[in-house]
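Participant: Kindly return the folded structure for what I paste below:
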Amino acid sequence: MSDELYPWAPILLVDDETAWLRGMSLALARALGVNNHLQCADSREVLGLLASREVSVVILDVTMPYLTGEDLLARIRQEYPQLPVIMLTGRNQVDIAVRCTRLGAFDYFIKTDEEERLLAGVRRAIEQAQLQRENRRLQDLLLQPRELRRAAFQSFDTISPRMEAIFRYVDAIAVSSEPVLITGESGTGKELIARAIHRLSCPDGPLVAVNAAGLDDQIFADTLFGHLRGAYTGAQEVRKGMIEEAAGGVLFLDEVGELSSSSQIKLLRLLQEGEYFPLGSDQPRKLKARLVFATNLDLEQQQASGAFRKDLYYRLRSHRIAMPPLRERSEDLPLMLTRLLHDAATAMGKKVPTVPPELITLLRNYPFPGNIRELRAMVYDAVSQHSSGILSMHTFKKQLQPMDAPGVANSTATTDGSSLFAGRSLPTIKGVVAELIDEALKRSAGNQSLAARMLGISPPALCKRLKNSADTVSAVAETRKGIKHHG
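Facilitator: Next comes the predicted model:
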């Protein structure tokens, strides 16, 4: 069993009948997984206990010697107005119930009532206390210096407004206990965001990462939920699941879109009930970790096709973060390149090389299907071959996939599939070529060598085409005018 306490602060049980205290403790442990409680048989000690430590919920008997439950309720509400107090009595007395309600009791039960009703009331009180705790943590977080909160994102090199918006969102949801779904292409930094959530929400707890890709149903259940001895052939020892290992922290489940339908059902139950069963056990255990999920698949498309359960999809995305690909935050390339060059040079015991100005332009015109992970591989390969002085662009050019000329692939098609030139006269070859040259020069920031590479021609050939600049400008204007008229 986990050593993690539930709830985070003890439930205080107050009754002069010690037998009832023992019975209630067992019922709370069995039904709710409560392993953090205090027993008090002397009402005179209650206020001292509350002054000495934090308590999540008080369950208070009405009829006791020395101080009655009503007297204590009035004092508790005065000194600890946010603390939920559940009142109990041995018989049905409407007048007492009314007075306790007016004094601010969270709920009122008769001891002879069904146990399930009382336990349901305790569960609600714990949930309210947890919500109040999260609100206090949010207030504390917002009062922290901005620099302290920004430290959670120090692994990111960015000036991108989109990334700044993501950081603000992560900052806002850090105190929530709801699941988080992080989407985005492979290599965009989904795990780094999960680490930031952990650092902001529960830095003192563990961060446990599990990759769901390739896990069949039994391995998935065993990995997450653990097993008891003898649960199946070969289970010779008790094994903690990753959920239990992550208690008090964050469980990061990557590639969640790869789960089988059976595993999706198990995960859905975990999210709905907040509890799970280790393999071979018929006793539920409470979920005590924050859940963060990630996928590079389009789950909306997956659930529309039936590959991913709709109910699970909506359970996962209480909070959703969409990570942009590197090609959509090219303004961050200089920062990333500087960091990666420093890291690579340090790892290889070399001096940090000087970056040629045209390298950034070259990288900004590459789509980076592998995102940051691909950029890192390029940089480390280039630094490994670097000797001194300016970093060679040769290794980068060799690794970059051939770049298509801008607009060539779909130059004659519109978004509805019709021809771009339908209903009007065709532009001249000279005009189309001029348009391509003009666009390539813009993308290469005027670098003719790079522009020529984009166009698939040699630099001398490009120079030859640029000689008659007046004709080029005129052809570009004519082509654009025709396309605008067509639109």
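Participant: Report the contact partners of the closest residue in space to Phe277 that isn't next to it in sequence.
Facilitator: In space, Phe277 comes closest to Pro284 once its chain neighbours are excluded; the distance is 5.8 Å by C-beta to C-beta, 6 or more residues apart in numbering. From N, CA and C alone the C-beta is placed, and that goes for glycine too. Pro284 is in contact with Gly33, Glu273, Glu275, Tyr276, Phe277, counting by C-beta atoms under 8 Å, 6 or more residues apart in numbering.
Participant: how close does Pro284 sit to Gln128?
Facilitator: As for Pro284, its distance to Gln128 is 22 Å (criterion: C-beta to C-beta, to the nearest Å).
Participant: again with Leu462
Facilitator: On the measure of C-beta to C-beta, Leu462 and Gln128 end up 71 Å apart.
Participant: now Arg162
Facilitator: 37 Å.
Participant: where along the stretch 201-350 of the chain do the strands fall?
Facilitator: Here the stretch 201-350 of the chain has its strands, by DSSP state E, counting those that start in this stretch, at 207-211, 226-227, 239-240, 250-254, 275-276, 285-286, 290-295, 319-322.
Participant: Of the ones you listed, give the one that comes closest to Asp16.
Facilitator: For Asp16, the closest of those is strand 285-286, at 30.0 Å, according to C-beta to C-beta.
Participant: Can you list the helices and strands that the closest one packs against?
Facilitator: Secondary-structure packing of strand 285-286 (3 or more C-beta pairs under 8 Å, 6 or more residues apart in numbering; DSSP states H and E): strand 275-276.
Participant: Which one's more surrounded, Leu462 and Gln128?
Facilitator: Using other C-beta atoms under 10 Å as the criterion, Leu462 and Gln128 rank with Leu462 on top: 19 against 15.
Participant: any idea which element that one lies in?
Facilitator: helix 459-466 (DSSP states H and E).
Participant: Output that helix in CSV with nothing but the alpha carbons.
Facilitator: Only the C-alpha atoms of helix 459-466 are listed here, as CSV (Å, rounded to 0.1, in the frame of the first residue of the first chain):
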residue,chain,number,x,y,z
PRO,A,459,23.3,30.5,-58.3
PRO,A,460,24.6,31.5,-61.7
ALA,A,461,21.3,30.5,-63.3
LEU,A,462,19.4,32.6,-60.8
CYS,A,463,21.8,35.6,-61.5
LYS,A,464,21.1,35.3,-65.2
ARG,A,465,17.4,35.4,-64.6
LEU,A,466,17.7,38.5,-62.4
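Participant: What residues sit buried inside that helix?
Facilitator: Counting neighbours by 16 or more other C-beta atoms under 10 Å, one finds that the buried residues in helix 459-466 are Leu462, Arg465.
Participant: hmm, who's touching it?
Facilitator: Val433, Ile437, Gln448, Ser449, Ala451, Ala452, Leu455, Thr472.
Participant: Check the burial of the closest residue in space to Thr361 that isn't next to it in sequence by counting its neighbours.
Facilitator: Setting aside the residues directly before and after it, Thr361 is nearest to Ala445 in space (C-beta to C-beta, 6+ apart), at 4.9 Å. Residues near Ala445, counting by other C-beta under 10 Å, number 14.
Participant: please renumber so the chain begins at 50
Facilitator: Renumbered: residue one is now 50, and that last one reads Ala494.
Participant: Assign Ala494 to one of the three secondary structure states.
Facilitator: coil (DSSP: H, G, I helix; E, B strand; the rest coil).
Participant: Roughly how far does it sit from Arg413?
Facilitator: According to C-beta to C-beta, Ala494 and Arg413 sit 9 Å apart.
Participant: now Ile108
Facilitator: Distance from Ile108 to Arg413, counting by C-beta to C-beta: 64 Å.
Participant: Mind checking which of those two has more residues around it?
Facilitator: Shown here are Ile108 and Arg413; by other C-beta under 10 Å, Ile108 has more neighbours (25 against 16).
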